[in-house]
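1. Attaching a predicted model along with its sequence, questions to come.
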Amino acid sequence: MKTSQWHLKIGQSLTLTIKKMGINGEGIGYWRNHVIFVPQVLPGEIATIEITHIAPNYLRGRLIKLKKTSPHRNLQPSVLAKQVGGLELAHLLYPQQLSYKQAMLHEALRHFRPRGWQKYHIQPTIGMNDPWHYRNKAQFPIRIVNGKLICGLFKPGSHTIVDCLEMPTQGSLTLSILQRLVPLIQSFNLPIYQPESNSGILKTLVVRENPSTNQAQLTFITNSWKLPQKRALIAAIHQKIPEVISIAQNFNPGTTSLIWGTDTKILWGQSHLIETIGKIQFQLSPAAFFQLNLTQTEKLYQVVQQMLNPRPTDTIVDAYAGVGTIGLSLAAQVQTVIGSEISSAAVRDANANAELNHLTNAHYECGRTAQLYPQWLQRGLQPSAVIVDPPRTGLEPEFLQFLNQSHLSKIIYLSCNPSTWARDLRTLSQVYHIQTIQPVDMFPQTPHVESVTLLKRRRSSKQSNRNFE
């Protein structure tokens, strides 16, 4: 049994007072000045815990019993909260979840200390009226466990599937479709993937819903292009799950941890699912990235528009654009939108979405933003503002330098990762003033927080671009 230098053993229990919460939603307590991370506990609570992991600089534990309970505790969390990810904050009442997410942005700024960070104004987090059943897409592995067909999510840190057909953050239509689909698959006795032997065919079920039209897109992710009884299966789905208007197959062989492979084909029905944000329609191919919470996405883009305050003469760069949702939502109000995206499939979708909405002033190119942006400047592009929505890794270092050197009047930075956001602000704040920060709760019941930050060029910096005031 592993023993720490502090004479604690795995399996040993102790009483701990929880002092604060960490970036992953876990409670943090201290034993002889050493940090212990414990999920499912809250600040102010006194808990009996069991040591589960010992590392040189920290320990991890699990909750055994609460001796003192926080008044902010949700006393009736989902039973799945302790079994799968995606419900890390379900034990915390929702108003306090919103305060926690605002505090996480403060903590990231305190750690990275961009210029003037103590004076940054972080607005209260914009939340949801109903913070449940908001996810419009499910990607659930399917396996046979003890002779039973299980569809759901993995337990954290394991390959054990937990039945999640009652997952309270998933859309109701998505769950309804999966609840009818799993017995149908079982009735056809389809070969289910077995990771131990890398055999079998059906790996994962993906459902994307549009609740406003009561329609959905279904994708089978498989270990082989073979799909036994394909025609009969499609006919049965068409009859028993009429909400499904598109069935696709994605080929992802081998034991990779990635859910999607590179090749997808439509087996039946429509090639795209149509979704709407505001007044703009988007056609989504099966593998296309799209926001998972449309209620909050509309609020998010309203914040972007308010910060941008677009004018008919503006040229907007939509960096890390995905399928063009942000830029296309602004295109009718500006002169030009030009966007960058590394995924060729997303670029095709973005340009198709521009055509679908008759937006002739929006165009998207495939490539790294750090490469495309200086090319655009060399071609004479004079952007009024740049909107960046990077992945969790944040902005590319070369692009950060281009932004600091290009004399933009305004940048709007959307971020899903407080740490890389604060790190990037440390560079950008050398040239830009961080005017306001608006957190938006895109993923209730989880520790994830989206933020929108307005940066304006400091008056002391020489401005060569005056198209935007």
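-> Yes, it's here. Quantities reported herein were computed from a predicted structural model and do not represent experimental measurements.

2. Give the residue spans of this protein that score low on pLDDT.
-> Counting by pLDDT under 70, the chain contains low-confidence residues at 1-6, 460-469.

3. repeat that with 50
-> Within the chain, the stretches with pLDDT under 50 are 1, 461-469.

4. For it, just list every one of the helices.
-> 94-112, 172-187, 230-240, 294-308, 325-330, 344-356, 369-378, 397-405, 418-428 (DSSP state H).

5. Deepest in the core, which of those helices is it.
-> Mean neighbour count (mean count of other C-beta atoms under 10 Å) peaks for helix 325-330 among these, with a mean of 25. Glycine gets a C-beta too; all of them are placed from N, C-alpha and C.

6. so can I have a markdown table of the helices of the chain showing distance to residue 442?
-> Shown next, in a markdown table, are the helices of the chain (distance: least, C-beta to C-beta, whole Å):
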| stretch | distance to residue 442 |
| --- | --- |
| helix 94-112 | 10 |
| helix 172-187 | 17 |
| helix 230-240 | 31 |
| helix 294-308 | 5 |
| helix 325-330 | 13 |
| helix 344-356 | 19 |
| helix 369-378 | 22 |
| helix 397-405 | 23 |
| helix 418-428 | 13 |
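
7. Could you break the chain into its assigned domains?
-> 13-73, 99-129+291-457, 137-277 (automatic domain parsing).

8. What sits closest to residue 83 if chain neighbours are left out?
-> residue 162 (4.9 Å; C-beta to C-beta, 6 or more residues apart in numbering).

9. re earlier: out of the helices of the chain, which gets nearest to residue 455?
-> helix 418-428 (5.9 Å; C-beta to C-beta).

10. Show me what the closest one is packed against.
-> If contacts are counted by 3 or more C-beta pairs under 8 Å, 6 or more residues apart in numbering; DSSP states H and E, helix 418-428 sits against helix 94-112, helix 397-405, strand 410-415, strand 450-457.

11. What pairs with the strand ranked longest in the chain, parallel or antiparallel?
-> When the chain is parsed with DSSP state E, its longest strand is strand 58-68. In the sheet, strand 58-68 lines up against strand 34-38 (parallel), strand 46-54 (antiparallel) (DSSP bridges).

12. Can you give me the buried ones in the first one?
-> Of the residues in strand 34-38, those buried by neighbour count under the rule 16 or more other C-beta atoms under 10 Å are 36, 37, 38.

13. now those residues as TSV including distance to residue 370?
-> Listed next are the buried residues of strand 34-38 as TSV, based on distance: C-beta to C-beta, whole Å:
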residue	distance to residue 370
36	41
37	35
38	40
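
14. Just name the closest of the residues you listed to residue 261, please.
-> residue 37 (35.0 Å).

15. how close does the residue nearest to residue 46 when sequence neighbours are not counted get to residue 234?
-> Excluding its sequence neighbours, the residue lying closest to residue 46 (C-beta to C-beta, 6+ apart) is residue 68, at 4.0 Å. Residue 68 is 56 Å from residue 234, where distance means C-beta to C-beta, to the nearest Å.

16. same thing with residue 95?
-> From residue 95 over to residue 234 (counting by C-beta to C-beta), the distance is 46 Å.

17. just to revisit the earlier point, wait, isn't the residue nearest to residue 83 in contact with residue 81?
-> No: using C-beta atoms under 8 Å, residue 162 is not in contact with residue 81, being 11.3 Å away.

18. Among those two, which residue is more densely surrounded?
-> residue 81 (19 against 16; other C-beta atoms under 10 Å).

19. Pretty sure that one sits against residue 90.
-> Yes: at 4.2 Å, residue 81 and residue 90 qualify as touching, with contact defined as C-beta under 8 Å.

20. ok, now which ones touch residue 425?
-> 109, 112, 114, 117, 413, 434, 453, 455 (C-beta atoms under 8 Å, 6 or more residues apart in numbering).

21. Neighbours of the third one, how many?
-> Around residue 114 there are 20 other residues, counting by other C-beta under 10 Å.

22. Just list the residues touching it, thanks.
-> Contacts of residue 114 by C-beta under 8 Å, 6+ apart are 422, 425, 426, 427, 428, 429, 434.

23. 7 Å - rerun?
-> Neighbour list for residue 114: 422, 425, 426, 429 [criterion: C-beta atoms under 7 Å, 6 or more residues apart in numbering].

24. what residues does stretch 449-458 touch?
-> 101, 104-105, 300, 303-304, 307, 407-416, 418, 421, 428, 431-442, 463.

25. one more time with 8 Å, if that's ok
-> The contact list for stretch 449-458 (C-beta under 8 Å, 6+ apart) reads 101, 104-105, 125, 296, 300, 303-304, 307, 407-416, 418, 421, 425, 428, 431-443, 463.

26. who wins for proximity to residue 285 among the helices of the chain?
-> Comparing the helices of the chain under C-beta to C-beta, the one sitting nearest is helix 344-356, at 6.0 Å.
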